[in-house]
Every structure is written in C-alpha cells, then in structure tokens.
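# sequence first, predicted model second:
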Amino acid sequence: MNDQDLARIGSTRELLRAHRRGVLLAVGLMLLTLAAGIGLLGLSGGFLTAAALTYGTLGSFNFFSPSAGIRGLTLARIVSRYLEKLLGHDTMLRIARDLRSWFFARALRLSPAQLGRLRTGDLLARLLDDIDAVDGLLLRATGPLLALLGIGLLGLGVVAWLHPPSGVWLALVAGALALVVPARVAWRREAVEAERAQRRGALRARLHELYEGRNDLAALDATAAWLARVADDADEVARIERARRGRLADAQVLHGGIAAVGLLGLLWSVATGVTTAGLPAPHAAAIFFIAIGLFEAWAGAGLAWQALRAARASITRLDAVAGAAPAVADPPEPVPVPERGALRFEDVTFAWTPGAPPVLDGLALTIAPGERVAISGDSGAGKSTLSALVLRSADAQSGRVTWGGVDLRAMAQADWYARIGWLPQNAPIFAGRVRDNLGFGAPHADDAAMWAMLAQVRLRAWAERIGGLDAWIGESGATMSAGQARRLALARALLRDAPLIVLDEPTEGLDHDTADGLLRELPDLLVGRSLLLITHGTLPPGLVDRHLWLRDGRLHDA
Ligand SMILES: Nc1ncnc2c1ncn2[C@@H]1O[C@H](COP(=O)(O)OP(=O)(O)OP(=O)(O)O)[C@@H](O)[C@H]1O
C-alpha cells in the first residue's frame, strides 16, 4: 500500500481488511496443503488395506487409480506447501511493513502532550511486540483456524459419504474438541492477554529507561535497585507466560484424551460397519486414517486460539495510539501561509490540562516582521508553553495566534513549519554526519553556507578538527560536548530560510564568553527575520527590540 492509501486507514482491523485477498489466498493454500496431506493418508491407508486383502487371493485389485491419486496428492502437497510458505510469508511481511509505517505515521500525528503520556519503551513495545502479534495473525491464528475449519468440514463430508454413522461420531468428537480446547486457552482470557501485552510493554519501558539513565543511576548508586525492578517486571511476564503455557498444555492433554476416545469409537464404528453393514475394508481403513490426520491437524487449534486472543489484545493497544484523534489537526481546506507577517497572540488563554489553572491567561503579544523580542520569566511561568503554541504542539483554548493575520489553526501544519526555524530546549542531535545534522531543515544549503554558519556559531575549528562536514557524530551527539551540541542545533535552526526564528534558551550549557559572543553576533545571522527568544540570561545591548517578562500568564515589560 502506498502512503496515500495508508493515510486513509483509521484502525488496525481496517488495515488488515485491506490485505484480505492475500490472506484468503494464503488460507486457501493452507487448506489445500492440509487436504492433500490428509487425503494422502486416507488414500494410502485404503490402498494398503486393499492390497493386503487381495494378496494371495485371485481377487481383482484396482492398482492404478489409487497410486495415481497418491502421486497427485504428494505433488499437490509439495507445491501447495511451497506456495503457502511463499505467499503466506509475503502477505505477512506486507502486513507488517504497512502496519509499522501506518502506526508510526499515526503516532506522529499526536501532539507531544498526547505522546508524552506514553513511555518511549512502551511505544517501542507497541511498535515491535504488538505489531508482531498482529502481523502473525494470518500465519498463527486466523489462517490456521480457518484452514482447520475447512479441512474439518471436508474430512467430515468424506467420512459421512463413505460411512454415515462414522461421520456422525466424528462430528460429535469434533464438536467436543471445538468446545473444550478454546474454552481452556481462550475463553474469558481477554483480560489476561491485555495484561500480558501491558506487562511486556512495561518491561521494555523499564529496560529503555535503564539504558537511557544508566549514568545517573550509576552515579546515584541506584543501578542495583533499578535492576531489581527489571527483575520483578521480568518475573511478572514469566508468570503470565507460564500460566499461558500451562493452559496450552492442558488443552493438548484434553485434545489427546478426546482424540483417543474418538479414535476408539471410530474403530468400533467402522468395524461394525465392515462386519454388519457391508462397509468395504479399504473404506474403513481410509476413514480411520483420515480421522488420525484430522486429529493431528486439529491439535494446532489451541495455539491458534491463543495467538488470536493475543493479537486482539495487541490490536486494542495499537488502536489506543493510532486511533486517537490528534489534539492538533490540519483543517480540511488549509489557507496559504503568508511569506512574511507579524506574529500575534490575541487574548490567548491556555491550560495543558482542561480545567486546570491556565498557564497563559489572556496573553497578548505582537512581533512585527523583522522585530526581535525576548521573553524571560520564572521557571514554570509558561515560556516554553508560549513557544509550544507557536509550534502548534497544542492550540489555545481561547483567543488565537496569527501570522500575517491568518489564524495558525487555518493553516496546514507543514506549510506553517516551513516559515519557522526552531531551537527547542532539548534539541536532539541525530546519529549521522555533521552535514546531515545541519542540512535537515535546509536541504539546499551548500557547503559554503554550512561552513559560514559553523563559523558563526563558533564550531568551525571543531568541525575542521573532527574531519569536516562528513565527519560522523554519534547518537545524541555522543562525540560532542553539551555546548557544542547546542551550537550545532542552533546552526541548524538558523540555516533555515525561515522568516521567524524561535530560540528556547539558545546559550544554555555555554560558557559566559561563548554565550555572550554568540548573542552579540545573532543580529547579523537574523538579517531581517523576526525573533522570539526565550531566555533566563542577561542579553547584550542591541540584540532585541523588546524584552518582556512572563508572569501570571501575561507579558509585562521587563
Ligand atoms: N506537556 C505538558 N503537559 C502538561 N503540563 C505541562 C506540559 N508542559 C509544561 N507543562 C506545565 O506548564 C507550566 C509551564 O511550563 P513551561 O515549560 O512552559 O515553563 P517555562 O517557563 O518554560 O519553565 P522553564 O524556565 O523551567 O523551562 C508548568 O507548570 C509545567 O508543569
């Protein structure tokens, strides 16, 4: 499926339905493989019995038809099994690919506040474990269950045709299996499967946090305590897995018991048929072998039922994220975004949690084109919240934010972002080359522009030392100091050809002289662009046109 098709899909089940052709084909091939296998067993049993009964007598024996049938079924089984593996796995891989792209794209539509409620490890668990459970639905759950149903009906039909009383008996045994096995492994197991998926997610989250926070935990001498929590989580997961396996083993035992009684009853039924109702012995043998084949195939039903329940729990978890309505969405017919304009907050009131005291309360602010405004305030006053509204991580509950007179909510988010160069508080450095990190937001910037920008943020000497624009910088800027990472992210924001630059604490982590030098040079880097600067520090004269103070949700002159 292409991106446009995926964008139209609203739930996991809808996505699975879009693959129904591949799924039906794979199920048909599974059925064919099973039918060929069981047919082979029945035909061979009948054939051998007929041959044994004819041996040493003068009776005639049709050798050719059954042996041709055996050859045909053998070949059919080989070919259908090969195609089943080929097409079944191909469909499964397509489902997995589409599910991952779709889930990821849907999750990214959510605002940071919505995503922030999920732990990264849990999100990863959904992306990996839950999608794994769902894409295997075809090969481990619905596929086998449908194929087992199909082969059951076919087998019962053949047995009933050869000997109706045996058909009735086999149907009764099949009915008992169909009730008892799912009852043991799957009936009323929704809550347990949901808990299993949730616990596995929690374990991943705990491990992810251990990895991310390993240095802090080591410094706090808290690694052992954290590992103990990991062990507790792992124990919980193991407890649930053991219980599941126990239920599956119980189901296998029940299946074995019922199948044994079923076969004994069938033996009695066909023996009576042969001795009293003229049932040919080869038919009796064929019925017996078909039944053995069916019981063997049905033994997989328990696992398939369990996989089905697990997949359902995973579907619920995936839809909880992918099906959530994004807090910030594009309008159906977005308005074009003006090239330049004033950024205005008009009587803006905003609370992160509905009903909580607002962080911004009737806030008003105008930044004229080319104007540079700094905003300071106590920690927690709402400075980053203000930039979050500019970035449309959230929308104001009342009032509006406009650019060139157009409400930001009337624009497509991507069009609006094209007008902004943003340096967030925790700007990430991506694993890759210096060039990649600079060029993300400015794909057309050439080497000369990159070097000039590196010089302006005072990173030129560093870049030359590590090998230039193609030098590799590790994940999260592992090979850089915090100040260097901050300056590289600043360079990235400034390199963008955007009329509005939003900088949240650009000099955080820099020594006084570097910070001061950088701020003094900032006006030259802005050249006519508007600036919204969030800062705690003192500013050199001439950097900004106005310096405001955020207090009680409103802006005051500093
Ligand atoms: N995503 C969020 N969800 C819920 N509450 C939030 C969120 N982000 C911020 N807040 C709350 O909003 C208030 C303002 O936070 P904000 O980060 O805007 O302050 P700030 O002025 O930038 O602080 P600092 O100078 O410490 O960075 C705080 O009480 C904070 O707890």
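Looks like it arrived, so ask away. What you see is a predicted model, and the numbers here were worked out from it, not measured in a lab.
# and the residue of the stretch 201-350 of the chain nearest the ligand?
Closest to the ligand within the stretch 201-350 of the chain is F350: 9.2 Å, counting by Cβ to the nearest ligand atom. Glycine gets a C-beta too; all of them are placed from N, C-alpha and C.
# my guess is that residue meets L389, correct?
Yes: when contacts are counted by Cβ atoms under 8 Å, F350 is listed as touching L389 (6.3 Å).
# which neighbours do those two share?
Common neighbours of F350 and L389, using Cβ atoms under 8 Å, 6 or more residues apart in numbering, are L360, A396.
# count residues in the vicinity of the residue of the stretch 201-350 of the chain closest to the ligand, would you?
Neighbour count for F350, taken as other Cβ atoms under 10 Å: 23.
# go on, R419?
Around R419 there are 21 residues (other Cβ under 10 Å).
# where does H547 land in three-state SS?
At H547 the chain is in strand, as set by DSSP: H, G, I helix; E, B strand; the rest coil.
# isn't it right up against P540?
No: applying Cβ under 8 Å as the test, H547 and P540 come out as separate, 11.5 Å apart.
# in the stretch 1-150 of the chain, what residue lies closest to the ligand?
For the stretch 1-150 of the chain, Cβ to the nearest ligand atom, closest residue to the ligand: A113, 4.1 Å.
# that residue: which element?
Assigned by DSSP states H and E, A113 falls within helix 112-115.
# for that helix, buried residues please.
Q114, L115 (16 or more other Cβ atoms under 10 Å).
# same deal with stretch 121-129?
So for stretch 121-129, counting by 16+ other Cβ under 10 Å, buried means G121, D122, L123, L124, A125, R126, L127, D129.
# save the residues you listed as TSV, and put in distance to the ligand, secondary structure and pLDDT too.
Putting these into TSV (distance: Cβ to the nearest ligand atom, whole Å; DSSP: H, G, I helix; E, B strand; the rest coil; pLDDT from 0 to 100) gives the following:
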residue	distance to the ligand	secondary structure	pLDDT
G121	19	helix	77
D122	17	helix	80
L123	16	helix	79
L124	20	helix	80
A125	22	helix	80
R126	20	helix	82
L127	22	helix	80
D129	27	helix	83
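# looking at this structure, which helix is longest?
Longest helix of the chain, by residue count under DSSP state H: helix 223-276.
# from the contact counts, what lies against that helix?
For helix 223-276, the packing partners by 3 or more Cβ pairs under 8 Å, 6 or more residues apart in numbering; DSSP states H and E come out as helix 164-185, helix 190-212, helix 214-219, helix 281-298, helix 301-322.
# got TSV for those helices, with mean neighbour count and mean pLDDT too?
Putting those into TSV (neighbours: other Cβ atoms under 10 Å; pLDDT from 0 to 100) gives the following:
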stretch	mean neighbour count	mean pLDDT
helix 164-185	18	93
helix 190-212	18	89
helix 214-219	12	91
helix 281-298	22	93
helix 301-322	22	91
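# rebuild the ones you listed as CSV, extending it with distance to L423.
Converted to CSV, the helices and strands packed on helix 223-276 look like this (distance: least, Cβ to Cβ, whole Å):
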stretch, distance to L423
helix 164-185, 54
helix 190-212, 22
helix 214-219, 25
helix 281-298, 62
helix 301-322, 28
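# tell me, how many residues neighbour G432?
Neighbours around G432, by other Cβ under 10 Å: 14.
# oh, that last question was meant for L363, not what I typed.
By other Cβ under 10 Å, the residues close to L363 number 25.
# returning to that earlier point: distance to the ligand added to the helices and strands packed on helix 223-276, as CSV?
Shown next, in CSV, are those (distance: least, Cβ to the nearest ligand atom, whole Å):
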stretch, distance to the ligand
helix 164-185, 42
helix 190-212, 18
helix 214-219, 19
helix 281-298, 52
helix 301-322, 17
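# and the nearest residue to G370 once chain neighbours are set aside, helix, strand or coil?
Nearest non-adjacent residue to G370, counting by Cβ to Cβ, 6 or more residues apart in numbering: G528, 4.9 Å away. Per three-state DSSP, the secondary structure class of G528 is coil.
# what about G528, how many neighbours?
If we define neighbours as other Cβ under 10 Å, then G528 has 9 of them.
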